[in-house]
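Chemist: Sharing a model that was predicted from the sequence below.
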Amino acid sequence: MYAEYFGLREKPFRKTPDPRYLYLTEAHEEALEQLLFAVEEMELALLTGEVGSGKTLLTRVLVDRVGESHEIGMILNPRLPPRQFLSAVAAELGVAEPRFRSNELLDQIHERLLALDEAGRPALLIVDEAHLIPGRATFEEIRLLTNFQLDDRNLIAVVLVGQPELRTRLEKKAFRPLTQRIGADFHLRPLDAAEAAEYVRHRLAVAGGRADLFSEGAVARLHHAAEGIPRVMNHLATQALLEAMARGLTKVDEASASAVAQSQGFRGASWPVPVVVEGGRWGG
């Protein structure tokens, strides 16, 4: 409805992780480079960020960059006890008939990784929403996966993706055997004001829209209300387009953006957000 009204080919602020819409800020570029390094070196990687900061979209781009050269397994819901987690990993990596016991599953995964290595097809495991992993025992199974190696190389790259509480959990002494193996580590911060403006322009360009469809004041208001979180900006920008259309405007002005932010309960009261230094404490 609003797409046709504003002359857009498609809706620019959808929440689906479409790699075409990824706007690579300096931080996102560095995060992607860290992930690519981890895959190339077959390392364990950690990527954290607030809800809606672009973590899942980055992993989609990572998969696109890696392409057909890797055997890729993705665990999207890791809220699993150890045995079920290993069973899911085995299935994702192409084990035909995963067995029941954990030690048998580990043997099967090891055999599969050796076969993939012999075929010149490295393995990559991405664990999304890793903050939902229920207990230390499942993290221990992940550590055991990183034990699978030959004399000169690892047999699997593992990427753990989660919200900041994942990082808090891993800071505990009990997780030191796992964190010592992290070879790439990055925390995504929210967008700053300049990045938010470029973010909006980029998404509009991909959708076939005018660069000035949002006024500078409108973008500033949306950024303030969303506290720099891309997913929240997407939601508010969509609502602002609907609001501007209802007002009969040809572009989104600051008044429309403010009306939406207030009606949705977003006022950005805690803005500016504290600066988060990119990079992590365990490496990278």
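Modeler: That came through fine.
Chemist: can you pull out the strands in the stretch 101-250 of the chain?
Modeler: Assigned strands in the stretch 101-250 of the chain, in chain order: 123-127, 156-162, 182-188 (criterion: DSSP state E, counting those that start in this stretch).
Chemist: and the most far-flung residue of the chain relative to its centre, what pLDDT?
Modeler: Going by Cα atoms, centre = their mean, the residue of the chain most distant from its centre is residue 248, 36.6 Å out. Residue 248 carries a pLDDT score of 96 in this model.
Chemist: tally of neighbours for residue 12?
Modeler: If you count neighbours by other Cβ atoms under 10 Å, residue 12 ends up with 23. (C-beta placed from N, C-alpha, C; glycine too.)
Chemist: pLDDT on stretch 90-99, on average?
Modeler: pLDDT averaged over stretch 90-99 equals 91, rounded to a whole number.
Chemist: Now for residue 197: which residues touch it?
Modeler: Neighbour list for residue 197: 216, 219-220, 223 [criterion: Cβ atoms under 8 Å, 6 or more residues apart in numbering].
Chemist: CSV for those, including pLDDT and distance to residue 15?
Modeler: Converted to CSV, the contacts of residue 197 look like this (pLDDT from 0 to 100; distance: Cβ to Cβ, whole Å):
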residue, pLDDT, distance to residue 15
216, 95, 24
219, 96, 19
220, 95, 22
223, 95, 17
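Chemist: Separate out the buried members of the residues you listed.
Modeler: Buried residues within the contacts of residue 197, defined by neighbour count using 16 or more other Cβ atoms under 10 Å: 219-220, 223.
Chemist: before we move on, the earlier item: TSV for the strands of the stretch 101-250 of the chain, including distance to residue 206?
Modeler: Formatted as TSV, the strands of the stretch 101-250 of the chain follow (distance: least, Cβ to Cβ, whole Å):
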stretch	distance to residue 206
strand 123-127	24
strand 156-162	24
strand 182-188	21
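Chemist: Of those, which is nearest residue 26?
Modeler: Closest approach to residue 26 among the strands of the stretch 101-250 of the chain (Cβ to Cβ): strand 182-188, 11.4 Å.
Chemist: So which bits of the closest one are buried?
Modeler: Within strand 182-188, judged by 16+ other Cβ under 10 Å, the buried ones are 182-188.
Chemist: Run through the neighbouring helices and strands of it.
Modeler: The criterion is 3 or more Cβ pairs under 8 Å, 6 or more residues apart in numbering; DSSP states H and E, and the helices and strands that strand 182-188 contacts are helix 26-41, strand 44-49.
Chemist: looking at the ones you listed, which is buried most?
Modeler: Using mean count of other Cβ atoms under 10 Å, the stretch among the helices and strands packed on strand 182-188 with the largest mean neighbour count is strand 44-49, at a mean of 28.
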